[in-house]
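**Student:** sequence and predicted structure, then a few things I'm wondering about:
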Amino acid sequence: MALIIPKGYDPRLSVRETQEAIKYIRDTFQKEFGKEMNLERISAPLFVEKSSGLNDNLNGIERPVAFDLLGIPGETIEVVQSLAKWKRMALYEYGFLPGEGLYTNMNAIRRDEEMDNLHSCYVDQWDWEKVITKEERNEETLKETVRTIFKIIKHMEHEVWYKYPNAVKKLPEDITFITSQELEDRFPDKAPKERENLITKEYGCVFLMKIGEKLSNGEPHDGRAPDYDDWQLNGDILFWFENLNCALEISSMGIRVDEKSLAEQLVKAGCEDRKSLPYHRMLLNGELPYTIGGGIGQSRLCMLLLDRAHVGEVQASIWPSEMRKECREHKIFLL
């Protein structure tokens, strides 16, 4: 159990007030997000067939929750780990055009997650995806989208402050862009997470770009599945979080692979066998639209805006009994 207890922690809102604030943040954010990004809300699956190739393997080591169904013998069903590939297929099947997109509520179970202040076995996020043209597959499109998302989050800070002035966290005024290689060059003797903490503490909010490709030291900054983000056009939005003295990741996003980058990344990841899966065949044949997309953590956003010390304060999940006990003793009330 890795648990951080901030000194003199005060949640400032009761549990019931917190529940009210959670609803307000989620309702308001998705409305503003959909409007500002031109996204329609659609329904998404909780699980998919393993043979479809639509489930993401994240860093490649997480085990999906899997089961069988009486009505589909011989098929393994997996709880989604993210909807990156499913969303792109949905944009294709529903006939979305460039400039149009979708968002959905994604719920997942991460059975291998190490539970702590920031990590839960339950994932709740807004997954979103938007059609772009081939010409828009560039760094400027990525940065412009990141700035828009940052602007929406900043707007939410003011909205929450209006209703809960004593509870809202003050966010930085701008977001800084840096690549994983630039970060490694600057802090060569530090581990990846230490680098993230140092740069985010310095600037308040950063977009760490180009995650997945090997750096000059021979190791990637962090793992990324080879078949959804283009490793040259992706990144994470990180906010400095004083309560836990660390960077808080709010979003992982990027421009998705095209035919060329998918083929190259499958080779680099040793996953060329995926070329035979239906989704990957469509992508390599140029049948799917070019897209940009990502996920925004719902509980993480509530945690950030309400300045909470534990994700369990804004999310109902399962925690070790000793963690619940210690948290309660320090005014950290897990739902």
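**Tutor:** Nice, I can see it. Numbers count the residues shown, from 1 in each chain.

**Student:** buried residues, stretch 306-326. List them.
**Tutor:** Under the neighbour-count criterion of 16 or more other Cβ atoms under 10 Å, stretch 306-326 has 306-315, 317, 319, 323 buried. In this view, the C-beta of every residue, glycine as well, is placed from N, C-alpha and C.

**Student:** between these, which is nearest residue 331?
**Tutor:** For the buried residues of stretch 306-326, the minimum distance to residue 331 (Cβ to Cβ) is 8.9 Å, reached by residue 309.

**Student:** mind listing the strands for this protein?
**Tutor:** 39-41, 47-49, 66-69, 72-79, 101-109, 122-132, 176-179, 205-209, 229-241, 246-256, 290-297 (DSSP state E).

**Student:** can you add distance to residue 21 and mean pLDDT and give the ones you listed back as TSV?
**Tutor:** Output for the strands of the chain, formatted as TSV (distance: least, Cβ to Cβ, whole Å; pLDDT from 0 to 100):
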stretch	distance to residue 21	mean pLDDT
strand 39-41	22	96
strand 47-49	31	87
strand 66-69	35	90
strand 72-79	29	90
strand 101-109	18	92
strand 122-132	16	94
strand 176-179	28	97
strand 205-209	22	97
strand 229-241	18	96
strand 246-256	17	95
strand 290-297	16	95
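
**Student:** quick one: those strands as CSV, columns for mean neighbour count too.
**Tutor:** Shown next, in CSV, are the strands of the chain (neighbours: other Cβ atoms under 10 Å):
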stretch, mean neighbour count
strand 39-41, 16
strand 47-49, 17
strand 66-69, 11
strand 72-79, 13
strand 101-109, 21
strand 122-132, 23
strand 176-179, 17
strand 205-209, 24
strand 229-241, 23
strand 246-256, 23
strand 290-297, 24
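
**Student:** ok, back up a step: in helices, which of the buried residues of stretch 306-326 appear?
**Tutor:** residue 323 (DSSP state H).

**Student:** quick one: closest of the strands of the chain to residue 217.
**Tutor:** Nearest of these (Cβ to Cβ): strand 176-179, 14.1 Å.

**Student:** export that closest one as PDB, just CAs?
**Tutor:** Only the C-alpha atoms of strand 176-179 are listed here, as PDB (Å, rounded to 0.1, in the frame of the first residue of the first chain):
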ATOM      1  CA  THR A 176       4.000  24.400 -21.500                       C
ATOM      2  CA  PHE A 177       5.000  22.000 -24.200                       C
ATOM      3  CA  ILE A 178       8.100  19.800 -24.000                       C
ATOM      4  CA  THR A 179       9.100  16.500 -25.600                       C
END
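
**Student:** helices or strands up against it?
**Tutor:** helix 192-203, strand 205-209 (3 or more Cβ pairs under 8 Å, 6 or more residues apart in numbering; DSSP states H and E).

**Student:** now with 7 Å, please.
**Tutor:** Counting contacts by 3 or more Cβ pairs under 7 Å, 6 or more residues apart in numbering; DSSP states H and E, strand 176-179 packs against strand 205-209.

**Student:** now do the strand it packs on against strand 246-256, angle only.
**Tutor:** Calculated by axes from the mean of the first three to the mean of the last three Cα atoms, to 10 degrees, strand 205-209 forms an angle of 40 degrees with strand 246-256.

**Student:** about what we covered before: wait, which of the buried residues of stretch 306-326 is closest to residue 46?
**Tutor:** For the buried residues of stretch 306-326, the nearest to residue 46 is residue 317 (15.9 Å; Cβ to Cβ).
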